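Here is a sequence with its predicted model. Questions after.
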Amino acid sequence: MKIVIAGGSGLIGRKLAAILEGRGHDVVAASPSTGVDTLTGAGLAAALNGADAVVDVTNSPSFADEAVMSFFSVSTRNLLAAAKAAGVAHHVALSVVGADRLPESGYFRAKLAQERMIAEAGTGYSIVRATQFFEFLGAVAGSSAAEDGLHLSTGGMQPMAADDVALALADGAEQGPVNGIVEIGGPDRGTLAGFVGRWMHAVGDRRAVIESAEAPYFGTRLDAGSLVPGAGARLMPTRLDDWLAAQAPTGVA
């Protein structure tokens, strides 16, 4: 199969390309650095020519409400149009668990809008909603910092390794359209404060962890199920402690 990865130079894109190439597919890692820009449409037609599937793992450089909505709206519109013109049969998009449950978040609203555009485009599609990545725990910690420590939500969380996200996307691209949503997550459920606290301990961050149900997660309040996949989700194997043990001694980020 010829599979185009939009966002192919990013964290997930690079891992996904390696998996698909290892399985013998013709992979095009499309990104501005390779002359393909989903925001302007530059290079899309050539990249998608003859493709069987496109996997969209692009992400907005800004999470400000208007900027992130503009990014996903414009990028997705351009990618859908170019894929339709090229006769691409399967559109796979990486989204986030909870996109439909946290309307206060501008990022989650933008991802939900992206999902709706893809579902209404009239072509075969698979939307893969993933939980937060282990690699993102440091950013969560940074966003929660105050003078007295880190104020972290006790809302539910079931994070996963980026390697497992890429593996699930590769499987989805190969298996063909489900014309719906697939959820994936890590093997263990806990609280956001608990997972971030374990990450902090592993990297030697000794700041105090202040757990609270009211602590915001990038501007929105979480409950027990906000970031947790549903009963039918595919749970991937990598546990946080194993992932932490495999990281470089200088820490994880």
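Happy to help now that I have it.

And the worst-scoring helix or strand of the chain on mean pLDDT, how far out from the chain middle?
Using mean pLDDT, DSSP states H and E, strand 145-146 stands out as the lowest-scoring helix or strand of the chain, at a mean of 91. With Cα atoms, centre = their mean, to the nearest Å as the basis, strand 145-146 stands 25 Å off its chain's centre.

From residue 79, how far out is the nearest residue to residue 132 once chain neighbours are set aside?
Closest residue to residue 132 apart from its sequence neighbours, by Cβ to Cβ, 6 or more residues apart in numbering: residue 159 at 4.6 Å. (Glycine included, C-beta is placed from N, CA and C.) Separation of residue 159 from residue 79 (Cβ to Cβ, to the nearest Å) stands at 27 Å.

Also residue 17?
17 Å.

if you count what's nearby, which of these two comes out ahead?
Just comparing residue 17 and residue 79: by other Cβ atoms under 10 Å the higher neighbour count belongs to residue 79, 30 against 22.

what's the closest non-adjacent residue to the more buried one?
residue 38 is the one closest to residue 79 (Cβ to Cβ, 6+ apart), at 5.1 Å.

And for residue 104?
In space, residue 104 is closest to residue 220, 4.2 Å off (Cβ to Cβ, 6+ apart).

How many residues are close by the one you found?
Using other Cβ under 10 Å, residue 220 has 18 neighbouring residues.

residues contacting it?
For residue 220, the contact set (Cβ atoms under 8 Å, 6 or more residues apart in numbering) comprises 102, 104, 105, 108.

What subset of those is buried?
Among the contacts of residue 220, those classed as buried by 16 or more other Cβ atoms under 10 Å are 102, 105, 108.

Mind checking which of these land in strands?
Using DSSP state E, no member of these falls within strands.

who does residue 5 bridge with?
Taking DSSP bridges, one obtains residue 29, residue 55 as the residues bridged to residue 5.

pLDDT of stretch 223-241, averaged?
Stretch 223-241 comes out with an average pLDDT of 96.

Now that stretch: buried residues?
226, 227, 228, 229, 233, 235, 236, 238, 240.
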